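Colleague: Please find the sequence and the predicted model below.
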There are 6 protein chains.
Amino acid sequence: MLKKIVLTGAAGELGSTLREPLSRMCEALVCVDLKDAPGPLASNESWAVADCAELDQVAPLMEGAEIIVNFVGIPDERSFEELLRPNFLSSYVIWEAAYRAGVRRVVYASSVHAVGMWETNAGIDTDAPHRPDTFYGLSKCFAEDLARLYWEKRGLEAVCLRIFSATESPENPRALGTWLSRRDLVHLVERAVDSPTTGFCVVYGVSDNDRSPVSNARVAFLGYRPRDNAETHAAAILAKASRPDPSNLAQMRLGGPFATVALGESGVAGLAKLVKGG
Amino acid sequence: MLKKIVLTGAAGELGSTLREPLSRMCEALVCVDLKDAPGPLASNESWAVADCAELDQVAPLMEGAEIIVNFVGIPDERSFEELLRPNFLSSYVIWEAAYRAGVRRVVYASSVHAVGMWETNAGIDTDAPHRPDTFYGLSKCFAEDLARLYWEKRGLEAVCLRIFSATESPENPRALGTWLSRRDLVHLVERAVDSPTTGFCVVYGVSDNDRSPVSNARVAFLGYRPRDNAETHAAAILAKASRPDPSNLAQMRLGGPFATVALGESGVAGLAKLVKGG
Amino acid sequence: MLKKIVLTGAAGELGSTLREPLSRMCEALVCVDLKDAPGPLASNESWAVADCAELDQVAPLMEGAEIIVNFVGIPDERSFEELLRPNFLSSYVIWEAAYRAGVRRVVYASSVHAVGMWETNAGIDTDAPHRPDTFYGLSKCFAEDLARLYWEKRGLEAVCLRIFSATESPENPRALGTWLSRRDLVHLVERAVDSPTTGFCVVYGVSDNDRSPVSNARVAFLGYRPRDNAETHAAAILAKASRPDPSNLAQMRLGGPFATVALGESGVAGLAKLVKGG
Amino acid sequence: MLKKIVLTGAAGELGSTLREPLSRMCEALVCVDLKDAPGPLASNESWAVADCAELDQVAPLMEGAEIIVNFVGIPDERSFEELLRPNFLSSYVIWEAAYRAGVRRVVYASSVHAVGMWETNAGIDTDAPHRPDTFYGLSKCFAEDLARLYWEKRGLEAVCLRIFSATESPENPRALGTWLSRRDLVHLVERAVDSPTTGFCVVYGVSDNDRSPVSNARVAFLGYRPRDNAETHAAAILAKASRPDPSNLAQMRLGGPFATVALGESGVAGLAKLVKGG
Amino acid sequence: MLKKIVLTGAAGELGSTLREPLSRMCEALVCVDLKDAPGPLASNESWAVADCAELDQVAPLMEGAEIIVNFVGIPDERSFEELLRPNFLSSYVIWEAAYRAGVRRVVYASSVHAVGMWETNAGIDTDAPHRPDTFYGLSKCFAEDLARLYWEKRGLEAVCLRIFSATESPENPRALGTWLSRRDLVHLVERAVDSPTTGFCVVYGVSDNDRSPVSNARVAFLGYRPRDNAETHAAAILAKASRPDPSNLAQMRLGGPFATVALGESGVAGLAKLVKGG
Amino acid sequence: MLKKIVLTGAAGELGSTLREPLSRMCEALVCVDLKDAPGPLASNESWAVADCAELDQVAPLMEGAEIIVNFVGIPDERSFEELLRPNFLSSYVIWEAAYRAGVRRVVYASSVHAVGMWETNAGIDTDAPHRPDTFYGLSKCFAEDLARLYWEKRGLEAVCLRIFSATESPENPRALGTWLSRRDLVHLVERAVDSPTTGFCVVYGVSDNDRSPVSNARVAFLGYRPRDNAETHAAAILAKASRPDPSNLAQMRLGGPFATVALGESGVAGLAKLVKGG
């Protein structure tokens, strides 16, 4: 049982999912977000409204924490200027504050978009070089390199979760490979938290889909064993899918629609369009 | 539901197995073979007798097809001259006709014998260089390179299935590792057909055998998840197996008896002899 | 059914476990140890007291044997001088005697400690270079290289089992990844014995633990499919574990406490201390 | 002969070195710096005082440029806050302005410190993952990933020069391997400019030193063939060198003193101390 | 001094260059071509007019030969049908005839176009998988795989020379990297002939150009050490070069214009156009 | 200038060559051998007769030494029993004594025969796994692993020189690739001694031969730049060479005649026979 976990981005879609399971792993869970708490808290939960790009707001919250689960940031493509504070600067601030407070580990919501320009049929593993597909992906590359720096120079551990399509259910042909179920997300975070030591490592956050395009073989020590499989939705999804087009990078690269969206324009919107068209 | 699939080599042992499952995936299945149809056809099935080494015979059959499942060719070692038309030239003709007709993808019956000289204990994956063991294997290397060329220059997709021992049941010690069940063959072809986009890729056609010697990790995106396992036959097969001999390449290379057969001489006959002796 | 198997180190903890299953695989099982037989023998079992570092004692026992299962040696760190005979010289003697007697294969109890200085989060496979953590590990490196030499120069096969934590049940956080159950050990040895041909190869002896840190993908042909999983003990073990410390090599390297123990000093004792402290 | 080159950081130590050779490669060389021009300009040279972290200051200077030689930034470790504008934001601004102006390529002064935590005896090549040693190194990782993004999404080429020890002459034992002479620096930049097409690539900026620890084999197409060799200074330097200490990361990692300096503290100062003590 | 060498394609541009140096390496040089001898022969030279796609024409010429230098074939892209006999079938015929005659080695004029779709800035070595850019390149892939088959199954050695731009002098920007001088071609063939044993291997035929894009490091044992360097022509060539265009595969792939030419259309013509336009 | 170097095996052929150059690098050179000094000593040289397999004989000689140059051992294949003391045990004793005396580094005469079963045309680098060709080669594998252990556990550096054919001049076709001239040997040892820090590393000891079959690219930091080239002897050697035979491992593996010699029988004698027959 950990003394204290800090969860940043606690009001976000994924952050909300993690509150309950994280609260069971520690004596005190401190949720942090720019927004107010959306409702009642668990008995060992507290809520802090703070801007994670501001060191003086974040630093006090870290006191006594053992592990930070860092899910802060805009989860979509935006202009570089819009992402600068919530996605780039917040990473620096959170790692720096964590280091100063003697925190042991940061579990970070990185993203497939750090390697989104890789070909889906390349079968990359966690050693592949960065190939961001958007400014959003670039912010994840930045944080991963930062995480490695803090580990190598300061001994602060980091587990970077390259989250794929974390939705209630798979919604399009790409998600047959890239879906991450809620249950598997929670399991992944639990392992990233409870592994006794991790150093710096990167792990793909994807369910046990038949068509999962990447390999976690090099970080098997983490014990991430997903149980859900998007294939149960395959027939329905493929039946209404739009025409396959191998000349379309959105269908051929890990990043999906982010691989073709213009820099600075929402990839989620592009995805939605793609699904509707499906 | 695809509009039209063309299955070449439809009268062959494996081609016959694929007719029924393919007919369920499309509105029209066109079966092509040098031989006549062996019996009644499904309602959406038609049969064309054609020499796949002749472009003018093949071209008309391709009109309107989306996917070609190319299982044409002699499935055994022969002299180069005997293989030239059915195995080499037919590949060129089928890809060229498919390209001209605007076909989207060729699913090709390649073979383990394209890499048959690799050591069984090397644990190769789908990136290993060609090491053919026979002229037969060489014809598969030729078609794989041709497939890559048509993809890179002309955008015609290809999934090359390196089929191992596709028999009713495993028949000798090698097959404990190399067996491909009928059910898994069908599943493999279905995934090669229904994957929305594939580009060019190679996948090993082997069941989920305990002793399967190769890895499909790099093409996991295809979603091939075999379910059969030759190990259920292990006790019976090993009990009557001939003496293990590590100085015998037929026991030490992926190609099995093809690794030792003289060029131009039937490897299947060699295999049969080996089994009887077993 | 093999004619004769010789099991060296038959009185040791692991050797004892193997007697019954090996006796079922052959007409005659010859157990060899420095110690007397601990009790009654199976009907097809015989027992020989011999010093495996002495060629003239070992050689006669090899006559007519097909496979040697070599589990002789001190299973812990000691001074080089203490390990010289039982761990180094016995390997030479056993391989040399086996070769002279026309034995087909040696199955060898190597150890994780041949690669114990590798980082746990590096995800190595069976191709990783030697990085011994102790003189004990060095004796395993020596035997593996010797095994390869006898295979390449003399055609004597070898399967080197890099055994991890072979205990009744997992006993500490590291063992959540490294545990090898008794059942899986037996299964591993059975496969190393019954595989028709193996050449020279190395395989990790670890159960199907969620957190298993290494990969056997390259030797899949052996058909080792472990069934036990230390994760069932995770909650209990992690609840009483000592504080994680990523600056402690014993928590960050495959070798565990052997990675930090002084050369020549017992790593098992170090481990015991660690467990008690846990 | 190029129409226009823009050189940012033109008043810096390395920027100053590049003015004359770049002015010979184009019709118009635009030098940009926060500082005024240090003296008279060449006839085809102009000078602009601008803050490269401000898009509206940089954008107008890019009009009509074919190639940007981007040497802006603090060439040493500082706090993250101090580096944010000159090293991080200026990279975004320069690439964005270059893209908007239709520039063809950015030649960028990256640094060994993007990979400074790699072991000197690892012999890495240009494919090795980022392992920054400082915030300074992190700013180089950021710009390299940004450069790849602009290439993959927008077709703007980039050559990232990982400059090692660019000094008048080698000054310490590490520099026997890491020295980059003025002449070789100029040659490297010339090739990065005159190569007809480059896509995105990374090249190590190091002279033809006997002891050069890294390999440019993968980017041989650039034609960088250095001619100077620090070895001519070896006797003098080694004679007065301090005691070798393999437990000191500053002597064992590519980044040298940056590998041990505290994050945010000047590595150049650490280096100077190291040299004086030498 | 070898007894007999057979040079096929002896009337071709490269074949002609090789006659004199090969005649000095053997007692008897047999030149073979579809065309008549263009002029007087050396004293130990004979000339045979033969179609190398016809086994009965080729076989008698092989009697007593030790080494075949196989430069037969159309050195340009053509339709598959046009290339079938001179480039595909001749390879089979020559290897088969060589094998039957007990020849020791075939030195083969392969081509960069066997790997022409690889990115120039990928820095590939001789292990890279085939990526042909044309039917012409496909014929080279076919022959290389055939060569490996004859080596692995029949012990007939082969050295496959992947010849780049073998012209009198470099003629365009690409050739600054890809030029192979006459002198270096001769040197390469000499080493391929005089190396005592070679097994099967592939070597890039490219001069010691500053900008040579590929590596022969893995076949250093051949002793190919080119002496010419296209860089002496760089200033002149770059001065009149057409606009660099990284979106043009002809400028970004090893195959140059062959990477963009339509299948079946002359790449040499495309190249000529490109040079004139330059 | 080093205080003290100890040279073991000083009376051997290579040891003798190293005395003079090493004596110039230190204040005191201590030569150790089983044999007496062969003649007069340099002014700063002393000579100790000692058995390097005896710790109590070696330990006193190490006092105050900074670097050990360990060239002790039989330089040829013998039975394991004959090699045990001079080649295996002496390595343990020397490293142990060096460690106890606080020595900084051991420079060790390893050998190509640690990897002698590798194919000559594989182009291996210094990362290739051990593949010893003899008991002699096995003794080198043992010492290299020991060296790594002492570095990783005890911080004692080691440079393992895999010496190839260290003879006055190249004597046979294999030596055109494998020759190591006296001058280059001395240069190699000098660099192994004067490199400020090395950790554990392996370097091939081979001259700058055109036909050198291996790569030192990964240990370029050592600054080994050989200057001699066996090619000047090529014409003479090849003229009288015996018939090439690619089915003869002695001609196809790095170890040359050691790859075929029976275990325990002199490879040097085999080599001599091969040369005379040449």
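Modeller: Now that the structure is in, tell me what you want to look at.

Colleague: if I pick A:Arg182, what's in contact with it?
Modeller: With contacts defined as C-beta atoms under 8 Å, 6 or more residues apart in numbering or on different chains, the neighbours of A:Arg182 are A:Thr17, A:Ala166, A:Glu168. To be clear about C-beta, it is placed using only N, CA and C from the backbone, and glycine gets the same treatment.

Colleague: What sits closest to A:Ala143 if chain neighbours are left out?
Modeller: Closest residue to A:Ala143 apart from its sequence neighbours, by C-beta to C-beta, 6 or more residues apart in numbering or on different chains: A:Ser91 at 4.0 Å.

Colleague: ditto for A:Cys31
Modeller: Leaving aside its sequence neighbours, A:Cys31 sits nearest to A:Ala10 (C-beta to C-beta, 6+ apart; 3.4 Å).

Colleague: residues touching the one you found, list them.
Modeller: A:Ala10 touches A:Ser16, A:Leu18, A:Arg19, A:Cys31, A:Val32, A:Asp33, A:Trp47, A:Phe71, counting by C-beta under 8 Å, 6+ apart.

Colleague: can I get those residues in CSV with secondary structure, neighbour count and pLDDT?
Modeller: Putting these into CSV (DSSP: H, G, I helix; E, B strand; the rest coil; neighbours: other C-beta atoms under 10 Å in any protein chain shown; pLDDT from 0 to 100) gives the following:
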residue, secondary structure, neighbour count, pLDDT
A:Ser16, helix, 17, 97
A:Leu18, helix, 26, 98
A:Arg19, helix, 20, 98
A:Cys31, strand, 28, 98
A:Val32, strand, 27, 98
A:Asp33, strand, 23, 98
A:Trp47, strand, 19, 98
A:Phe71, coil, 26, 98
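
Colleague: give me every residue that touches the residue nearest to A:Ala143.
Modeller: A:Asn70, A:Gly73, A:Tyr108, A:Ser139, A:Phe142, A:Ala143, A:Leu146.

Colleague: Tell me the backbone dihedrals of the last one, please.
Modeller: So the one you mean is A:Leu146. The phi/psi pair for A:Leu146 (degrees, to the nearest 10) reads phi -60, psi -40.

Colleague: Pull up the gap between it and A:Met117, please.
Modeller: 21 Å (C-beta to C-beta, to the nearest Å).

Colleague: before we move on, what about A:Ala239?
Modeller: 30 Å.

Colleague: who has more neighbours, these two?
Modeller: Under the neighbour definition other C-beta atoms under 10 Å in any protein chain shown, A:Ala239 and A:Met117 were set side by side, and A:Met117 has more, 23 against 9.

Colleague: which stretches of the stretch 1-150 of chain A form strands?
Modeller: A:2-8, A:26-33, A:45-49, A:67-70, A:105-111 (DSSP state E, counting those that start in this stretch).

Colleague: now the strand or helix carrying A:Arg191, how far from the chain's geometric center?
Modeller: Taking DSSP states H and E as the definition, A:Arg191 sits inside helix A:182-194. Relative to its parent chain, helix A:182-194 has a centroid offset of 11 Å by C-alpha atoms, centre = their mean, to the nearest Å.

Colleague: what does stretch A:88-108 give?
Modeller: In terms of C-alpha atoms, centre = their mean, the centre of stretch A:88-108 is set 16 Å apart from its chain centre.

Colleague: what is the rounded mean pLDDT of it?
Modeller: The average of the pLDDT scores along stretch A:88-108 is 98.

Colleague: Buried ones in that stretch, by neighbour count?
Modeller: Neighbour-count burial for stretch A:88-108 flags A:88-99, A:101, A:103-108 (criterion: 16 or more other C-beta atoms under 10 Å in any protein chain shown).

Colleague: ditto for stretch A:147-156
Modeller: A:Ala147, A:Arg148, A:Leu149, A:Tyr150, A:Trp151, A:Glu152, A:Lys153, A:Leu156.

Colleague: chain center to that stretch: distance?
Modeller: Taking C-alpha atoms, centre = their mean, the mean C-alpha location of stretch A:147-156 is offset from the chain mean by 19 Å.

Colleague: right, is it up against chain C?
Modeller: Yes: Stretch A:147-156 comes into contact with chain C (C-beta under 8 Å from any C-beta of the partner chain), by way of A:Gly155.

Colleague: The nearest residue to A:Thr260 once chain neighbours are set aside: neighbour count?
Modeller: Excluding its sequence neighbours, the residue lying closest to A:Thr260 (C-beta to C-beta, 6+ apart) is A:Ala250, at 4.5 Å. Using other C-beta under 10 Å, A:Ala250 has 19 neighbouring residues.

Colleague: And for A:Asp36?
Modeller: A:Asp36 has 9 neighbours, counted by other C-beta under 10 Å.

Colleague: Residue of the stretch 1-150 of chain A nearest chain B, please.
Modeller: Using C-beta to the nearest C-beta, the closest approach of the stretch 1-150 of chain A to chain B is made by A:Gly123 at 3.2 Å.

Colleague: From A:Ala109, how far off is the residue nearest to A:Ala143?
Modeller: Note on A:Ser91: its distance to A:Ala109, by C-beta to C-beta, is 10 Å.

Colleague: List, one by one, the residues from the stretch 151-278 of chain A near chain D.
Modeller: Within reach of chain D by C-beta under 8 Å from any C-beta, the stretch 151-278 of chain A has these residues: A:Glu152, A:Lys153, A:Arg154, A:Ala262, A:Leu263.

Colleague: Can you tell me which residues in the stretch 101-250 of chain A are near chain B?
Modeller: A:119-123, A:173-174, A:176-177, A:209-215, A:217, A:231, A:234, A:238-239, A:241, A:244-248.

Colleague: and if we set it to 10 Å?
Modeller: Within the stretch 101-250 of chain A, the positions adjacent to chain B are A:119-125, A:172-174, A:176-178, A:208-215, A:217, A:229-231, A:234-235, A:237-239, A:241-248, A:250 by C-beta under 10 Å from any C-beta of the partner chain.

Colleague: what sits against A:Arg183?
Modeller: A:Arg183 is in contact with A:Thr17, A:Pro21, A:Ser207, A:Pro226, A:Arg227, A:Asp228, counting by C-beta atoms under 10 Å, 6 or more residues apart in numbering or on different chains.

Colleague: Can you give me the buried ones in stretch A:219-229?
Modeller: A:Val219, A:Ala220, A:Phe221, A:Leu222, A:Gly223, A:Tyr224, A:Arg225, A:Pro226, A:Asp228, A:Asn229.

Colleague: Tell me how many other residues surround A:Val206.
Modeller: Close neighbours of A:Val206, defined as other C-beta under 10 Å, add up to 28.

Colleague: Equivalent analysis for A:Ala262, please.
Modeller: Neighbourhood size, A:Ala262 [other C-beta under 10 Å]: 12.

Colleague: How about the one 3 residues further on?
Modeller: When counting by other C-beta under 10 Å, one arrives at 14 neighbours for A:Glu265.

Colleague: Would you mind measuring from it to chain F?
Modeller: With distances taken as C-beta to the nearest C-beta, to the nearest Å, A:Glu265 is found 44 Å from chain F.

Colleague: pull the CA atoms of stretch A:226-236 into PDB?
Modeller: The C-alpha coordinates for stretch A:226-236 follow below in PDB (Å, rounded to 0.1, in the frame of the first residue of the first chain):
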ATOM      1  CA  PRO A 226      -4.300  -7.200 -21.500                       C
ATOM      2  CA  ARG A 227      -7.500  -9.300 -21.600                       C
ATOM      3  CA  ASP A 228      -9.800  -7.500 -24.100                       C
ATOM      4  CA  ASN A 229      -9.800  -8.000 -27.800                       C
ATOM      5  CA  ALA A 230     -11.400  -5.700 -30.300                       C
ATOM      6  CA  GLU A 231     -12.000  -8.600 -32.700                       C
ATOM      7  CA  THR A 232     -15.400  -9.200 -31.100                       C
ATOM      8  CA  HIS A 233     -16.400  -6.000 -32.900                       C
ATOM      9  CA  ALA A 234     -14.700  -6.900 -36.200                       C
ATOM     10  CA  ALA A 235     -17.700  -8.100 -38.200                       C
ATOM     11  CA  ALA A 236     -19.800  -5.100 -37.400                       C
END
